[in-house]
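Participant: Coordinates for the following, if possible.
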Amino acid sequence: MILALIEHDAVAPSGTSLEALTLARQIAAATGEPLHALAVAGDAGKLGPSLGDHGVEVLHAASFVGDDAYAPRAWARAVLAGAGAGGGQGAARAVVAPASDRGNEVMAYVGAIAGLPMVANCVEVAPDADGSGWRLRRLRWGGSIVEEAVLEADGPGLFTVAPDSVAAEAAGAPVATELRAFEVALEERDLQVRVNEVLEPATQGVSLTDARVVIGGGRGVGGEDGFAVLEELAELLGGAVGVSRAVTSLGWRSHQDQVGQTGCRIAPELYIACGISGAIQHMVGCKGARNLLAINTDADAPIMSKADYAVIGDLHAVLPAIVAELRKELAR
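Facilitator: Below you'll find the predicted structure:
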């Protein structure tokens, strides 16, 4: 079997999990293996119908004492137990997870416990010609390099899927997903590292990762007060405001607003980058945008060559003009 690790909110799988599931289904088709999924927490069984739409034949719903608190080593134990629980179909030939913070952490633990290599940020995975290993492509150096490699491992292949690199697609024909619930036997040390409390940021409106439109501001905004017009435009478009690393370093905005390699990665329909030069670290965070509009006084700024649309001008003149035109249209 090919096993996909699913992150969920007890109602539906996460978007990155569906991307990983799509790649796992492609691997299953290439190898002739059945597609299974594994989810942790007592309410994971509710995911069956939605996973059936993605071709999952069996859902392994893992539980353990205190499974409502995320514990990476305990989750890794659950993955290892599920990977060996293929029934008559045998153990997992590969385990695939989203390359989220949680997915990468859990799979690293899986690799450490099992003594197996883990390959992160994959965009393609396929069995090699003789079936003894894997051919793969993955993102390196924050997505600036695509590496082609061969993995040879004495055990299942362990892969995580780079976010926004595989389009999440449902299976051609849905299947009835069989539920197999099991309890994971843990040692005391498996719960030594765990989440005890989650503090949500005191923000309102659309989050950066979910926004269909993101207005980005860089050093060219000029200061904390300069973001007022960006906020106004974001509100009119139903979007969110993001920033470059330079802005957070200057203390103008919180780190939670940062887009980039060390911030959050976004995939909006439209990203409007204002006064942002386009350093590689920032472009890593916004490369998932379907359309990029750059506004900058410097026609030679790196971001201008990567933009779908570019306006060479002062954002303090351009943005108020855009806002004014939008208000006219909305008033009609």
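Participant: how about low-confidence regions in the stretch 151-300 of the chain?
Facilitator: 201-204 (pLDDT under 70).
Participant: ok, so what distance separates the residue sitting nearest the centre point of the chain from Pro13?
Facilitator: For the chain, Pro163 is the residue whose C-alpha lies nearest the centre (C-alpha atoms, centre = their mean; 3.7 Å). Counting by C-beta to C-beta, to the nearest Å, the separation of Pro163 from Pro13 is 14 Å. To be clear about C-beta, it is placed using only N, CA and C from the backbone, and glycine gets the same treatment.
Participant: ok so, going back, look up how far Glu19 lies from the residue nearest to the centre of the chain.
Facilitator: For Pro163, the distance to Glu19 - C-beta to C-beta - is 7 Å.
Participant: Between those two, which contacts overlap?
Facilitator: Pro98 (C-beta atoms under 8 Å, 6 or more residues apart in numbering).
Participant: which residues of the stretch 101-250 of the chain fall in helices?
Facilitator: Taking DSSP state H, counting those that start in this stretch as the criterion, the stretch 101-250 of the chain contains helices spanning 101-114, 228-237, 245-249.
Participant: list the contacts for Glu183?
Facilitator: With contact taken as C-beta under 8 Å, 6+ apart, Glu183 is in contact with 62-64.
Participant: With secondary structure, distance to Val150 and pLDDT as added columns, please give these in TSV.
Facilitator: What follows is these, written out as TSV (DSSP: H, G, I helix; E, B strand; the rest coil; distance: C-beta to C-beta, whole Å; pLDDT from 0 to 100):
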residue	secondary structure	distance to Val150	pLDDT
Ala62	strand	31	91
Ser63	strand	37	90
Phe64	coil	36	88
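Participant: ok, of those, which one's closest to Leu186?
Facilitator: Using C-beta to C-beta, Phe64 comes nearest to Leu186 of those, at 5.4 Å.
Participant: Pairing partners for the biggest strand by length in the chain, with directions?
Facilitator: In the chain, taking DSSP state E as the definition, the longest strand is strand 118-127. Strands adjacent to strand 118-127 in the sheet, as given by DSSP bridges, are strand 134-140 (antiparallel), strand 157-161 (parallel).
Participant: Can you list the helices and strands that whichever helix or strand Gly48 is part of packs against?
Facilitator: Using DSSP states H and E, Gly48 falls within helix 48-52. Helix 48-52 sits against no helix or strand, with contacts defined as 3 or more C-beta pairs under 8 Å, 6 or more residues apart in numbering; DSSP states H and E.
Participant: residues of that helix that come out buried?
Facilitator: 48, 50-52 (16 or more other C-beta atoms under 10 Å).
Participant: Next: stretch 2-9.
Facilitator: Judged by neighbour count using 16+ other C-beta under 10 Å, the buried positions of stretch 2-9 are 2-8.
Participant: what do you get for stretch 234-252?
Facilitator: Using 16+ other C-beta under 10 Å as the test for burial, stretch 234-252 gives 234, 236-237, 239-248, 252.
Participant: Over to stretch 112-121?
Facilitator: 114, 116, 118-121.
Participant: could you dump that stretch to CSV, C-alpha only?
Facilitator: Provided in CSV are the C-alpha atoms of stretch 112-121 (Å, rounded to 0.1, in the frame of the first residue of the first chain):
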residue,chain,number,x,y,z
ALA,A,112,14.8,8.7,13.0
ILE,A,113,12.9,5.9,14.8
ALA,A,114,12.9,3.5,11.8
GLY,A,115,16.4,4.4,10.7
LEU,A,116,15.2,5.4,7.2
PRO,A,117,16.0,8.5,5.1
MET,A,118,13.2,11.1,4.7
VAL,A,119,12.9,13.2,1.6
ALA,A,120,11.3,16.6,2.1
ASN,A,121,9.6,19.0,-0.3
